[in-house]
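K.L.:
This is the structure alone, sequence omitted:
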Ligand SMILES: CC(=O)NCC[C@H](N)C(=O)O
């Protein structure tokens with residue numbers, strides 16, 4: 001069994017930040033579960049373009065509020081917007097290009113990835129994480 005406390009992750013190499021977010025990587029590829037789990041904080045008032053072309057991601061909101069807007073194949077905003085608040089899950093089951101915004105507060109999400117993250121990924125210029133090298 002694996003038991004971890006977020007306090008062990010904070011300020012370790014698995015406490016990773018992007019421009020608009022920070023992510024504590026709780027469960028990783030090396031743990032052999034077939035998925036990873038992170039606690040992610042999206043900063044208030046930010047918008048991030050994301051395209052996980054190599055991963056499926058599901059996010060469950062436990063704190064704060066924001067929204068996700070679907071983008072088209074060229075990354076343009078479509079106006080299809082879903083509110084995010086505690087109790088809402090969104091799952092990028094089609095590797096959906098999207099814009100993620102935290103509106104009036106920071107937003108705290110529990111995020112799972114399949115395939116799992118290795119731990120130190122940050123978004124590239126396409127909003128993507130690299131495919132895992134087996
Ligand atoms: C929602 C989202 O994808 N934010 C970026 C961080 C990501 N959840 C991660 O854990 O690396």
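P.N.:
Cool, the structure landed. Note that the coordinates shown come from a computational prediction; the quantities given were computed from them, not determined experimentally.
K.L.:
can we go C-alpha only for contacts and neighbour counts from here?
P.N.:
Noted.
K.L.:
At the geometric centre of this protein, which residue do we find?
P.N.:
For the chain, the residue nearest the mean C-alpha position is residue 111 (5.4 Å; C-alpha atoms, centre = their mean).
K.L.:
Now that one: closest residue in space that isn't a chain neighbour?
P.N.:
Counting by C-alpha to C-alpha, 6 or more residues apart in numbering, residue 59 is the residue found nearest to residue 111 once chain neighbours are left out, at 4.3 Å.
K.L.:
Whether the strand or helix carrying residue 40 contacts the ligand - can you check?
P.N.:
Residue 40 belongs to strand 36-42 when assigned by DSSP states H and E. Yes - applying C-alpha under 6 Å from any ligand atom, one finds strand 36-42 in contact with the ligand at 38, 40.
K.L.:
neighbouring strands for that strand, and are they parallel or not?
P.N.:
strand 21-27 (antiparallel), strand 107-114 (antiparallel) (DSSP bridges).
K.L.:
any idea how far the ligand is from the nearest residue to residue 42 once chain neighbours are set aside?
P.N.:
Of all residues not flanking residue 42 in the chain, residue 21 sits nearest, at 4.5 Å (C-alpha to C-alpha, 6+ apart). Residue 21 sits 6 Å away from the ligand, going by C-alpha to the nearest ligand atom, to the nearest Å.
K.L.:
Which parts of this structure are helices?
P.N.:
Taking DSSP state H to define them, one finds helices in the chain at 6-9.
K.L.:
Show me what from it comes close to the ligand.
P.N.:
Residues of the chain lying near the ligand (C-alpha under 6 Å from any ligand atom): 23, 38, 40, 111.
K.L.:
Dump those residues to a markdown table, plus pLDDT and distance to residue 48.
P.N.:
As requested, the residues of the chain next to the ligand are exported to a markdown table (pLDDT from 0 to 100; distance: C-alpha to C-alpha, whole Å):
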| residue | pLDDT | distance to residue 48 |
| --- | --- | --- |
| 23 | 96 | 14 |
| 38 | 97 | 17 |
| 40 | 97 | 13 |
| 111 | 98 | 16 |
